[in-house]
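# Model the following, please.
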Amino acid sequence: MEFPLKEISGSKENTKKIADEFAKLLKPGDVVCLNGDLGSGKTFFVKAVCVNFGINEVNSPTFAIVNEYFGKKKIYHFDFYRLKNEEELMEIGFYEYLNDTEAITFIEWSDKFPDILPQHRFDVNIKTKNENSREIEIIRL
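Take a look at the predicted model:
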């Protein structure tokens, strides 16, 4: 997989293949920021990546802010959608999560608070083309 990657996925199966290839590149300490419209497939993408690490129970952390998963890799899964300000993240120890070099961190709706994101990360942008089709762009920063 070369970056930047931009691909049109016409099915969930194709999106899963992209996620599977991406998962092969991830290592502890990596941060993956996902952005896209509501229902574009951000959580589906995270679920598809996590299956590669033996994690089959992945849920959107919209209300919890962060979920932790344990499999072949430790995963932190954030969702900024309902957050009103950065202080809410500081209250739960956001930087401690980011500094855990043994975990991979996923952040949905990361574009809400760009100033707190690490400089080195992956950005996954998912755009809905139609009911079955998504444009997936992955950038390594």
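
# For the helix or strand of the chain with the lowest mean pLDDT, which outside residues touch it?
Between all helices and strands in the chain, the lowest mean by mean pLDDT, DSSP states H and E belongs to helix 87-91, at a mean of 95. Applying Cβ atoms under 8 Å, 6 or more residues apart in numbering, the contact partners of helix 87-91 are 65, 80, 83, 113, 116. (C-beta placed from N, C-alpha, C; glycine too.)

# ok, now how distant is the fourth one from residue 53?
Counting by Cβ to Cβ, to the nearest Å, the separation of residue 113 from residue 53 is 26 Å.

# Next: the last one.
As for residue 116, its distance to residue 53 is 25 Å (criterion: Cβ to Cβ).

# now for the helix or strand following the least confident helix or strand of the chain, which elements pack on it?
Next along the chain after helix 87-91, taking DSSP states H and E as the criterion, comes helix 94-98. When contacts are defined as 3 or more Cβ pairs under 8 Å, 6 or more residues apart in numbering; DSSP states H and E, helix 94-98 sits against strand 74-79, strand 103-108.

# Looking at those strands, spot the one closest to residue 16.
strand 103-108 (15.8 Å; Cβ to Cβ).
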